[in-house]
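> The following comprises the amino acid sequence and a computationally predicted model.
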Amino acid sequence: MSARLPPQLAALLQPEAYPHPVAKVRLVETHVSWVFLTGELAYKIKKPVCYAFVDLRSPERRAFFCAEELRLNRRFSPELYLDVCAVTLDDGRARICGAGQVIDHAVRMREFRGEDELAALLAQGTLAPAELTAFGRELAELHARLPAADAAQRWGRPECVRALLLENLAEWLEAAGKLGAAEAADELREPYSARLEAAQPWLAMRRESGKVRECHGDLHAGNIVRYGGRLHAFDCMEFEPAFRWIDVGEEIASLFMDLCARQCRAHAYAFVNGYFFHSGDYQACRLLRLYATHRALVRAKVAALRALDASAETARAGSRAEHRRYVACARKLLAPTSLRLILTCGVSGSGKTWLAERLAPQLGLIHLRSDVERKRLAGLAERQRSGAALDAGPYAPEMSRQVYGRLQQCAAEALLGGFSVIVDATFQRRAERERFRALATRYSIALYVILCQAPRQVLEERIAARQRAAAGASEADRQVLQLQQSRFEPIAAAESLQVINADTTSADVVARVAELCITDASA
């Protein structure tokens, strides 16, 4: 059902209806809300509508969901979501926080510009992938604080996830058929169902380990905005708990998919790598393509239904194009990929991390860093200093063996999920390199070793600069550099490795290396 703005709420279109100076009021409508924009602040009032997913016909229900919207969104964007305020009737005219009878409620927010939303920034080409790396880190930190589903709750149980995904698949198949896209539906049904069935054990394992949490629920480029110099998520899924009590892997898959569908693959991989750097949850890669495909089909279904309902030809054409875009993304996500395992190799200061950070988003790689995983295993934050001596604490030989074991495990998780990987470590010993050569052999994938090099003076200058800045996970100093150089075991022909020599002082090193170890162009 739809709802027109009631005559008594029409007074909210006048500046005098607000308890602060307002020059002009603009009204924006969604399917469930009226949003009154006043310049600095926005007020969202729920419409008295009833849909399959929510009933908002009573004032009490509208007040409840205003409170839920505030509660859920303040976890992600406390700077944007301020409070819930009363809509009152004063002398027969609606006011915000007036003295009269309370007739409804509104969520009060900071107003922001549409051109600052992520979708617009991407379309303008004005957003660097690094901003999404930072957003991924912050999202991982936030996810860690969200409540996890307990044993009594049904959220995230494998049978519930399976039922929900198959229900959406059936709804999309029906809508696609009516839209005349049955061929695409037939092409995707079988591989999608097969991937879902194969994921069942992992769904159970993830839930038992606390990965099902009360998340945002609708994380895509239209629900993220740059505000105060940072990206913030807004407009959580407040109506249907099943859509927000999900595996955190589904949450990141939602945005990953949307970025890929918008042809912003570098941004997509910058985002997930930022998330994984902070969370260490590389196991999520096992389910990332499944969940991303599900989210693509959700968006395709909505676009198809919109096209079927549209009365104007331009609206129908736009929705059809959007449907095709998300179906094409789903097709790529389900297609077999030509995987690569890439190792950066070299002493501290040789540019391993610098190079890997540029190759990963460009080539679509999951980036693993030994410095980050070492700190994680030692119980330290990424930039926390250990204060350990050489060959002690986090840098003891036994810990180093654990670090390479952890890197191998994480690489296997990503590869089994269908993602190419770049592992950023010194790989100074043949045994460490052999571990990953065996991994590549096991999965029959191509292996490249990028041997990063730079003159000794440059190595020392880079290390000194990094120490002065106190940035990054590495704690290497000149003494560590000397020790690494003395222990470095040169790569021998007997290792049967495909080696790419990379002088990281060269201006074209990124482009040259990327060309030599180019990965499959799919997501």
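The structure has been received and is ready for your questions.

> Give me the pLDDT for residue 390.
Note on residue 390: pLDDT of 76.

> Roughly how far does it sit from residue 487?
11 Å (CB to CB, to the nearest Å). The C-beta positions use only the backbone N, C-alpha and C, and glycine is treated the same way.

> Same question for residue 37.
As judged by CB to CB, residue 37 and residue 487 stand 63 Å apart.

> who's more crowded, these two?
Neighbours per residue (other CB atoms under 10 Å) separate residue 37 from residue 487, with residue 37 holding more: 17 against 11.

> can you pull the contacts of the more buried one?
The contact partners of residue 37, taken as CB atoms under 8 Å, 6 or more residues apart in numbering, are 25, 26, 27, 28, 111.

> Can you select the buried ones from those in ChimeraX?
In ChimeraX, this line selects whichever of these come out buried by 16 or more other CB atoms under 10 Å:
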select :25
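
> Can I get the contacts of residue 37 in a markdown table including secondary structure and pLDDT?
Converted to a markdown table, those look like this (DSSP: H, G, I helix; E, B strand; the rest coil; pLDDT from 0 to 100):
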| residue | secondary structure | pLDDT |
| --- | --- | --- |
| 25 | coil | 97 |
| 26 | strand | 96 |
| 27 | strand | 95 |
| 28 | strand | 93 |
| 111 | coil | 97 |
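
> Farthest pair within the contacts of residue 37?
For these, the farthest-apart pair by CB to CB is 27 and 111; their separation is 12.9 Å.

> contacting residues around stretch 329-338?
The contact list for stretch 329-338 (CB under 8 Å, 6+ apart) reads 184, 187-188, 191-192, 195, 257, 260-261, 289, 292-293, 296-297, 300, 418-420, 446, 519-520, 522-523.

> Give me the buried positions along that stretch.
329, 330, 331, 332, 333, 334, 337.

> same deal with stretch 486-506?
Quick answer for stretch 486-506 (16+ other CB under 10 Å): 497, 500, 502, 503, 504.

> With distance to residue 140 added, can I get these in a markdown table?
Below are those laid out as a markdown table (distance: CB to CB, whole Å):
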| residue | distance to residue 140 |
| --- | --- |
| 497 | 33 |
| 500 | 31 |
| 502 | 30 |
| 503 | 34 |
| 504 | 29 |
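
> Next step: those restricted to helices.
Applying DSSP state H to the buried residues of stretch 486-506, no entry is found in helices.

> Same list (those residues) but as TSV, adding pLDDT.
Below are the buried residues of stretch 486-506 laid out as TSV (pLDDT from 0 to 100):
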residue	pLDDT
497	95
500	96
502	96
503	96
504	96
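
> ok, of these, which one's closest to residue 204?
Nearest member of the buried residues of stretch 486-506 to residue 204, counting by CB to CB, is residue 497, at 38.4 Å.

> how many neighbours does the closest residue to that closest one other than its chain neighbours have?
Take residue 497 and drop its neighbours on the chain: the residue closest to it by CB to CB, 6 or more residues apart in numbering is residue 449, 4.8 Å away. Residue 449 has 23 neighbours, counted by other CB under 10 Å.

> Could you say which helix or strand holds residue 449?
Element membership of residue 449, judged by DSSP states H and E, is strand 446-453.

> buried sites along the helix or strand following that strand?
Downstream of strand 446-453, the first helix or strand assigned by DSSP H and E is helix 456-469. Buried residues in helix 456-469, counted by 16+ other CB under 10 Å: 458, 459, 460, 462, 463, 466.

> just how off-centre is the next helix or strand after helix 456-469 within its chain?
Toward the C-terminus, helix 456-469 is succeeded by helix 478-487 as the next helix or strand (DSSP H and E). With CA atoms, centre = their mean, to the nearest Å as the basis, helix 478-487 stands 38 Å off its chain's centre.

> Residue 394 contacts residue 378, correct?
Yes: between residue 394 and residue 378 a contact is recorded at 4.0 Å, counting by CB atoms under 8 Å.

> the more surrounded of the two?
Neighbour tally, residue 394 and residue 378, criterion other CB under 10 Å: the higher count belongs to residue 394, 20 against 17.

> Helices along the stretch 1-150 of the chain, start to end?
For the stretch 1-150 of the chain, the helices defined by DSSP state H, counting those that start in this stretch occupy 59-74, 118-124, 129-143.

> Of those, flag the one that's most buried.
Among these, the stretch with the highest mean neighbour count (mean count of other CB atoms under 10 Å) is helix 129-143, at a mean of 20.

> what packs against that one?
Here helix 129-143 touches strand 230-233, helix 248-261, helix 265-279, going by 3 or more CB pairs under 8 Å, 6 or more residues apart in numbering; DSSP states H and E.

> who's in contact with the last one?
By that I understand helix 265-279. Helix 265-279 has contacts (CB under 8 Å, 6+ apart) with 122, 127, 129-130, 132-137, 139-141, 143-144, 248, 252, 255-256, 259-260, 281-282, 284, 288, 360-362, 364-367, 369, 372, 382, 523.

> ok so, going back, in strands, which of the buried residues of stretch 329-338 fall?
Counting by DSSP state E, no part of the buried residues of stretch 329-338 is found in strands.

> For the protein, which residues score under the pLDDT cut-off?
Within the chain, the segments meeting pLDDT under 70 span 1-3, 471, 519-523.

> From the centroid of it, which residue is nearest?
Nearest to the geometric centre of the chain sits residue 252, at 3.5 Å (CA atoms, centre = their mean).

> what about the residue nearest to it when sequence neighbours are not counted, neighbour count?
Leaving out its chain neighbours, the residue that sits closest to residue 252 by CB to CB, 6+ apart is residue 275, at 5.4 Å. A count of neighbours around residue 275, defined by other CB under 10 Å, yields 28.

> so how far does stretch 441-458 reach from one end to the other?
Distance across stretch 441-458, first residue to last, is 36 Å (CA to CA, to the nearest Å).

> my guess is residue 366 contacts residue 418, does it?
No: Residue 366 lies out of contact with residue 418 (CB under 8 Å); the separation is 10.4 Å.

> Can you give the domain ranges for this structure?
7-111, 116-334, 340-516 (automatic domain parsing).

> roughly how far out does the first one sit from the chain middle?
Pointing back at domain 7-111 there. Domain 7-111 sits 30 Å away from the centroid of its parent chain (CA atoms, centre = their mean).

> Would you mind measuring the gap between the ends of that domain?
First residue to last in domain 7-111 (CA to CA) measures 24 Å.

> And for stretch 199-206, what's in contact with it?
In contact with stretch 199-206 (CB under 8 Å, 6+ apart) are residues 156-158, 161-162, 212, 247, 249, 283-284, 286-287, 290.

> swap the cut-off to 10 Å and go again
Stretch 199-206 has contacts (CB atoms under 10 Å, 6 or more residues apart in numbering) with 156-162, 165, 196, 211-212, 247-250, 281, 283-284, 286-287, 289-291, 416-417.

> coming back round to it: list residues touching both of residue 366 and residue 418?
By CB under 10 Å, 6+ apart, residue 366 and residue 418 have these common neighbours: 285, 288.

> Just want to know which of these two has more residues nearby.
Using other CB under 10 Å as the criterion, residue 366 and residue 418 rank with residue 366 on top: 23 against 20.

> Name whatever forms a beta bridge with the more buried one.
Beta-bridge partners for residue 366, by DSSP bridges, are residue 421.

> That one is in contact with residue 285, isn't it?
Yes: applying CB atoms under 10 Å as the test, residue 366 and residue 285 come out as touching, 6.5 Å apart.

> intersection of neighbour lists for these two?
By the contact definition CB under 10 Å, 6+ apart, residue 366 and residue 285 are jointly contacted by 272, 276, 410, 411, 413, 414, 415, 417, 419, 421.

> Count residues in the vicinity of the first one, would you?
Spelled out, it's residue 272. Neighbours of residue 272 using other CB under 10 Å come to 27.

> what's the spacing between residue 183 and residue 86?
53 Å.
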